[in-house]
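Enquirer: Pasting the sequence and the predicted model now:
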Amino acid sequence: MTNSSLGEITGPASVRFVRRLPGPIERVWSYLADSELRGQWLAPGALAGGRMELAFRHADLSPHHEPAPAGFGAGGEPHLLICKVLEMAPPHRLVFTWGDDMDSVVTFELTPDGADVLLTVSQTGLKRGDMLSVATGWHTHLAMLVERAEGRTPVAFWTIWRSLDGVYAGRVAS
């Protein structure tokens, strides 16, 4: 496993990624739970009262900018996703629903590994038509997280996303 390894398609409706981040575990947990830090790699938003709001602005994840691909919208308004927190066990586990119908579930698991932390991200309950964009999206967002956690400024979100365009297509189809 490397921090650029492709995600594993673990079933017809699920994907899993593992990344190694510099610890301690509380630091990595902050990148999940703290809105400002989460906003550097995924999306900012409140996490309280059994609910998490994610306000996606992919162009804001890096000071480097590139236009979004066709079909992803170029407007300045964030894409807002409301999630229901199913489990929160700091600093080891965060589980929440994903999507408007809340049928999909995202799980973050943090495991200490020496001075590092293994972060496992799984998403289950995906619709067949969403697998490709979700796998590519998580890979891209986690690349942003690795860069931030290692003290580097990431390239533009869409630069990374475009480099993966088509990479997951064969994996999702098989």
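Expert: Arrived safely, thanks for sending. Computed from a prediction, not measured in an experiment: that's the story for all the values here.
Enquirer: The nearest residue to His79 once chain neighbours are set aside: neighbour count?
Expert: For His79, ignoring the flanking residues on the chain, the nearest one in space by CB to CB, 6 or more residues apart in numbering is Phe56 at 4.3 Å. Placement of C-beta: from N, CA and C, glycine included. Each residue near Phe56 was counted by other CB atoms under 10 Å, and the total is 19.
Enquirer: By residue count, what's the longest helix in the chain?
Expert: What stands out as the longest helix in the chain, according to DSSP state H, is helix 131-149.
Enquirer: what does the lowest-mean-pLDDT helix or strand in the chain contact?
Expert: Using mean pLDDT, DSSP states H and E, helix 169-173 stands out as the lowest-scoring helix or strand of the chain, at a mean of 78. Under the contact criterion CB atoms under 8 Å, 6 or more residues apart in numbering, helix 169-173 has outside partners Leu6, Ile9, Met131, Leu132, Ala135.
Enquirer: Just give me the closest of the residues you listed to Phe108.
Expert: Ala135 (16.3 Å; CB to CB).
Enquirer: Can you tell me how far the nearest residue to the closest one once chain neighbours are set aside is from Val105?
Expert: By the measure of CB to CB, 6+ apart, the closest residue to Ala135 outside its immediate chain neighbours is Tyr168, 4.4 Å from it. Distance, Tyr168 to Val105, by CB to CB, to the nearest Å: 20 Å.
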